[in-house]
Every structure is written in C-alpha cells, then in structure tokens.
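Novice: Fold the following for me, if possible:
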Amino acid sequence: MLTALVHVLWALSCLLLCCAPTQAVQGGMLYPRETPTRERKELNGIWSFRADASACRNEGFQKQWYKRPLRETGPVIDMPVPASYNDITQDYDLRNFIGWVWYEKEVWLPRHWISRDTGIRVVLRVGSAHYFAMVWVNGVEVAMHEGGHLPFEADITKVAQSGGEEPCRITIAVNNTLTLNTLPPGSIQYINDPTRYPKGYFIQNINFDFFNYAGIHRPVVLYTTPSTYVDDITVRSDVMEDVGILNYQVSVAGSKNYSVAVTLLDREGNVVATGSETSGYLKVHNPMLWWPFLMHENAGYLYSLQVKVSAQTGSLSSEDVYTLPVGIRTVQVSGTQFLINGKPFYFHGVNKHEDADIRGKGLDWPLVVKDFNLLHWLGANSFRTSHYPYAEEIMDMCDKYGIVVINECPGVGMKERENFGNKSLMHHLVVMEELVRRDKNRPAVVMWSVANEPASALAAADYYFKTVTAHTRVLDPTRPLTFVTNTNYAQDKGAPYMDVICVNSYFSWYHDPGHLEVIQLQLNTELENWYEKYQKPIIQSEYGADTISGFHSDPPIMFSEEYQEAVLKNYHSVFDQKRKHYMIGELIWNFADFMTQQSITRVSGNKKGIFTRQRQPKSAAFLLRARYWKLENETGCLPPPPLNSKWF
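Specialist: The predicted model follows:
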C-alpha cells in the first residue's frame, strides 16, 4: 500500500503533467466594461467549495468532479468570492491547506446570450486565482492559467449554447503549490522520518515574508461582445509644447470586413479628437494633462477613448463599442531626475499589500476606498505594488485619483539558484507580457519593477535580468524599469540593466538591531556607494521597523511606537540631504500591518505598518503625514490641510 508521502509525490507530479507549457500570451485583456454593445454579469457571492483532502490530493481529477455538480461529489461548504479561503472557517487544516480546492457556481444566462442567431459572444473572466487554475463550464474544460495575480478568460459561447434550458455550471479548481519555477517561487520539503512520523508529510517552504493566501481573489464575471469586437487597444501619449498627442492602435477580432471610428472625449463629454483607422495619432490642443496627486489641481484627469467597430458579414451588420479611460502625460528619467510631464517628481509614498482580516487577499471595496482615503490623508503620492500586481479595480482608483504606481511583478523570493534557470526565465517573460498587456494603458503606472530582493549577486542573475529587462523594454519602451535590491552594490548583477536603483535597507532593525545611532552613517554610506557606482537616480524602496500599536517606551526600545518614529526620523535626515542630488523617492515599509507565515520572529504577522491591519494609525502615521505634506509644500504645490480635513 502506498504511503501518504508517495501519494503526495504522485499528486504533485500530476499537477506538473497537467500544466500546459509556458507560452506567450495571445489576444487582448481589456477590462470588461459595460457599454451600449456589451453586457456584464458578476458572479461574486457564495460559491460551493470543497478542498481535496484525499491522501493523494488528487481525488477530484481521478473522479472527475467537474463532470457533475460539486455537491454530488461529497460535502461542500459555502465560500465567498472574491476572498482567500484560508481565514473564512474555523478549520486549522484549511487555513494551511496546500493542494487543490474546488469552487463551483450555477448561474442562469439570459436567453439572448445563448441564442445561436444573435451573434453574441460570451466570455468568462477570472480576475485572479492563486496559483494555478483550471476552469470547466458544464463539464467542458475552457481555460488553464498559471500565476496568481493576473486575469485570464475564455470564450465560452459554444459551451454555453449547448447547455440549453439549464443553468450554466462553472467549476474552477485552484492549486496553491509553489515550486522552484513559479513566481513567486517556493519548494516542497518532504518529512519522512518513520521513527517519528510513520506516514510522512510535506511542508510548503517560501522565501517571502507574507502569507501564501489562496483562492479566487478577484471578481469572476461573464460578459458579452458582438461576434466582431474590439480585442485590444494600446495607447501611448506625448506632449509637444501645447499639443497633446495620443498614439493609438486598435486590434479587431472576428472579421476582416469592418470599419473603425475612434473618438476622444474630455471629462465633460466634449469631442476633442477623432480618427477612422485602426492606428493613428490624435492631437489635442491645450490638453488637460494627467498629473499626480498634489502636483497639480487637475490631478488624475482622464479622457475617454471611445472605439466603435462596425462590421458587415453577408446581410448581417454588427457594431461593438468599447470606452477606455486614458491620460495624457509623459514619463522620463533624465540624469538624476524622474520627470512627469517634464517636471521633477519625488516619490513620497508607501509599500502596500492586498491583505486584511478574514478576506485575506480578496478584493474588498470598503477596504479599497478606506485605503485611498488614508493615502490622501497622508499626503502620499505613490505606492509600489509590493510584491505582485494588484487588482484592476485598485489600479482604476490610482488612475482616477492621481496615485503614481511602481507596478511590480510577482518576482519575490527568488533566493535559490534554481530560480534563475531557463524554465523560471521563460515563465517570468510570460508574466511580464501579461502584466504589460493588462496595465499598459494606465497613466498612473510610471515604472515596471521586475523583481523584489532577488539573489542578484548570483552569476546567473546577470543573463536573467538582462533578458527580462530587454524583453520588457520591447513590450513597453515608454516606461522606465527597475527592480528592488538588498544586495551589496558591488556584487549586484541586475542593477546595470535598470533605469532607477531601488534599494531596501533596515538599519537598526535587521542590521544592528536596537542601535539607532548607526542609521545615518550606514545609510549615507550605502546611498553614496550606489550612486558613485551607477550614477542613476535612487529610491529608498523600503525602510521601517516592527511596531506593536499601543506599546510605548522612553527612551525608545524596539517594537515601541517611539522606536518606529526614531527610525523614520534618522532615515529622513539622510533623505533630506540626498534628495537635493540624486534621490528621487522614499517608500515606507509598510502602509499597514499584514499577515505572514507563522514563525518565532512574527507575532500574528508583520507589524511594520504605520497603520494597524485594521487601518488605525500608529504614532509614525502622523509623523509621516507631516513630512509628506511638508515635502509637497516645498515644491510650491497645494498647501497641507488641517489634521482633521477630509479629501473626499
């Protein structure tokens, strides 16, 4: 009889066998917006859920659970979507579950969606499922996707039509196993000591400091398009004196016999430019530029690019309309400055996580709006999507409110040599393609980050990051590139390929803990060394200290609110010297406390937030607020508001 360990090994091999080889992405990934020609049906809410807790973690595939309603395969529970499944129940095993879980929802489709004579195309879109996902509709496989932070979709028109007068049954299997070649990577450790553990067991090891939440984290939607439709839109903007230029390219699918009409409208709905080709330039005289928050009174100004496709197939005519929010702005690294619309921009903001009580990494609108209120209260003008792409809905808010984004891929925890092999590299390239495809049109996104704290001193890191950056520049030549490093400046193999140097350091915390007196000396030396070697602008991309809310000490000691304030003040003293020369930004770690794996160094998560996990301020939040508004006031922008002001 096979031992449980052998069962696990076999199940994992099945997972690898069923995974499709990494391939370049195909088609567009326009966000599913409702328009006069498109409908949208959200599938958020309660789904049936079952974790495959069988000894081999593979019973669901062996018995083909997707072939019949999930409730008929065994016990199911209610599970909210979007949400991580880990903290929803009182089940310890589910919180730490590694393997396949199954979701299912039955939904009625409007009759005109599945009628064969209406020419309607039905698409199923999953915003994010962590980490590997397979999707069936009415028992038919329609999609497979690797990667937990980017959307994927499938045309389900034919499958939906074959369902007749029955509800459409959507089944999604999700596996959160991380390997040496996934992004983020991980490894499986097998414990097979028969003297202590007769049945054996395994552990998912990770090299990143946040909890490996799993499940369907973002909305699942059905949407429709006509049979001939706008598949993709790419826009790039420029400004020449008093003329804004919008370079656009439209991809149409479903027919070769069509015409295109492109209309650019301002915020009031006035037409400011038109085009009639699938690619071209739109000129806007005296344009309203997209500016970051507090850099201009019209921060976050968006135009609407309306694309209308008219097609003729025999005697049948159809029309598709898609409207894309766009901003006119320029981004450039010039010497030691980062320029937005030709003016120096200084990143003063935060690092964040998609993380909250109960829902884990699931998208939650009240939390999103609360966080943006806190960003405005702080006077923060930017954040980094540490350490993975955030939800499209969050990115929409950044565009709207002028919050500048350093958009980071899930390249975190790359600490092993195997993480830099060809298999990892090929997957990394595809992830960058998916990320750029999704967010290429967003004015808020000003820079791509291709990794966080990799083992970039390894010899293999040179070719690896040379390849990733070259590939990303081909995908998008308009935005600068960076990665975030904590490697010694003299040994880093990835930094030469970056436009901006992003450096993490935790002096008097991970290095010389408790010694506040070393911060300024060590930080000054580190920044000077980086600049002397590369002559590139530098962002302090992480710094901070764990802080227990309500714990006070004078003189300051570690974990007290006073110690966090003291660390920040010492860092800020050096920042004020360097930002006059080559420093272009400072991003605190972290915006809010967040959950991590259990360890003796973490008490219910990472406590470096200036806000608690419940978004209540620590003393450092007020210190940082005073600093950020002071920085803006020095640039001649809007004056700081009173402490109790409300921005929106």
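Novice: Quick one: residues in contact with stretch 29-36.
Specialist: When contacts are defined by CB atoms under 8 Å, 6 or more residues apart in numbering, stretch 29-36 is touched by residues 38, 40, 123, 125, 151, 153, 221, 223, 230-233, 321-324, 392, 396, 434, 437-438. Every C-beta, even on glycine, is put in place using the N, C-alpha and C of the backbone.
Novice: repeat that with 6 Å
Specialist: With CB atoms under 6 Å, 6 or more residues apart in numbering as the test, stretch 29-36 has contacts from 40, 125, 221, 223, 321-322, 392, 437-438.
Novice: How about stretch 301-308?
Specialist: 230, 250, 261-266, 288, 290, 321-327.
Novice: Could I get the CA-only coordinates of that stretch as PDB?
Specialist: Presented in PDB, the C-alpha positions along stretch 301-308 are these (Å, rounded to 0.1, in the frame of the first residue of the first chain):
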ATOM      1  CA  TYR A 301      -7.500  64.000 -15.200                       C
ATOM      2  CA  LEU A 302      -8.800  61.300 -17.600                       C
ATOM      3  CA  TYR A 303     -10.100  61.500 -21.100                       C
ATOM      4  CA  SER A 304     -12.400  58.700 -22.600                       C
ATOM      5  CA  LEU A 305     -11.200  57.000 -25.800                       C
ATOM      6  CA  GLN A 306     -14.300  55.500 -27.500                       C
ATOM      7  CA  VAL A 307     -13.700  52.900 -30.100                       C
ATOM      8  CA  LYS A 308     -16.500  51.800 -32.400                       C
END
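Novice: Return the distance of that stretch from the chain's centre.
Specialist: 24 Å (CA atoms, centre = their mean, to the nearest Å).
Novice: which among the contacts of stretch 301-308 end up buried?
Specialist: Among these, those buried by neighbour count (16 or more other CB atoms under 10 Å) are 230, 250, 262-264, 266, 288, 290, 321-327.
Novice: hmm, which two among those are most spread apart?
Specialist: Across these, no pair lies farther apart than 230 and 288, at 24.9 Å, counting by CB to CB.
Novice: show me the contacts for the nearest residue to residue 486 once chain neighbours are set aside.
Specialist: Distances taken as CB to CB, 6 or more residues apart in numbering put residue 504 closest to residue 486, at 4.5 Å, once the chain neighbours are dropped. Contact analysis of residue 504 by CB under 6 Å, 6+ apart lists 484, 486, 541-542.
Novice: again, only using 10 Å
Specialist: By CB atoms under 10 Å, 6 or more residues apart in numbering, residue 504 lies in contact with 351, 452-453, 484-487, 510, 539-544, 587, 589.
Novice: how would you label residue 173: helix, strand or coil?
Specialist: strand (DSSP: H, G, I helix; E, B strand; the rest coil).
Novice: Who does it form a beta bridge with?
Specialist: Counting by DSSP bridges, residue 173 forms beta bridges with residue 102, residue 134.
Novice: I figured it was touching residue 131, is that so?
Specialist: No - Residue 173 is not in contact with residue 131 according to CB atoms under 10 Å; the separation is 11.8 Å.
Novice: Assign a three-state SS to residue 362, would you?
Specialist: Going by three-state DSSP: residue 362 is coil.
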